[in-house]
Structure formats: C-alpha cells, structure tokens
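*Asks:* fold the following and give me the result.
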Amino acid sequence: MNATIGDRLLVHGNTVGERDHGGIIIEIHGTSGGPPYTVRFDDGHTGLVFPGPDAVVVPK
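*Replies:* Now for the predicted structure:
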C-alpha cells in the first residue's frame, strides 16, 4: 500500500452493520509512501493508522 499526502484512506466496516469510515492522509511515516499514516478522519479526530486488509487508499 502506497499513498501520498492528500489521498483518502477508506476503511471498510468488517462486521455486519458497521459503517465504512475514512479520512485524509496528512502525514506518511513509512518509506516510499508506505504506512503508517496520520489520518484526519471525517468525524474530526486525528490518529496514527496501520491499515489492514480492509483499508484502501483512494488517490486525490
């Protein structure tokens, strides 16, 4: 998984009834665009994310 600042990280809900959530990647801590990422989520909080197999990067 590779990203650039400004791309969107979308995490799909992994159980029935759980909604997808996502946000904008504001920092990249890995090498060559790899994780972990600092993400500003749509609900306003910011966190360090180590994306799993249920996450995708949507280019800006």
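*Asks:* for the protein, what's the longest strand?
*Replies:* For the chain, the longest strand by residue count, based on DSSP state E, is strand 21-28.
*Asks:* for that strand, buried residues please.
*Replies:* For strand 21-28, the neighbour count (16 or more other Cβ atoms under 10 Å) marks Gly22, Gly23, Ile24, Ile25, Ile28 as buried. Placement of C-beta: from N, CA and C, glycine included.
*Asks:* Gly44: which of those residues is nearest?
*Replies:* Gly23 (9.2 Å; Cβ to Cβ).
*Asks:* the helix or strand following the longest strand of the chain to strand 21-28, inter-axis angle?
*Replies:* Using DSSP states H and E, the helix or strand that follows strand 21-28 in sequence is strand 37-41. Here strand 37-41 runs at an angle of 140 degrees relative to strand 21-28 (axes from the mean of the first three to the mean of the last three Cα atoms, to 10 degrees).
*Asks:* ok, back up a step: got a markdown table for the buried residues of strand 21-28, with distance to Gly44 too?
*Replies:* As requested, the buried residues of strand 21-28 are arranged in a markdown table below (distance: Cβ to Cβ, whole Å):
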| residue | distance to Gly44 |
| --- | --- |
| Gly22 | 13 |
| Gly23 | 9 |
| Ile24 | 12 |
| Ile25 | 16 |
| Ile28 | 21 |
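*Asks:* ok, the most centrally placed residue in the chain - contacts?
*Replies:* Central residue of the chain (Cα atoms, centre = their mean): Leu9, 3.0 Å from the mean position. By Cβ atoms under 8 Å, 6 or more residues apart in numbering, the contact set of Leu9 is 3, 22-25, 37, 39, 49, 51, 55-58.
*Asks:* contacting residues for the residue lying closest to Val39 once chain neighbours are set aside?
*Replies:* Leaving aside its sequence neighbours, Val39 sits nearest to Gly23 (Cβ to Cβ, 6 or more residues apart in numbering; 4.4 Å). Listed by Cβ under 8 Å, 6+ apart, the contact set of Gly23 reads Arg8, Leu9, Val39, Arg40, Phe41, Asp42.
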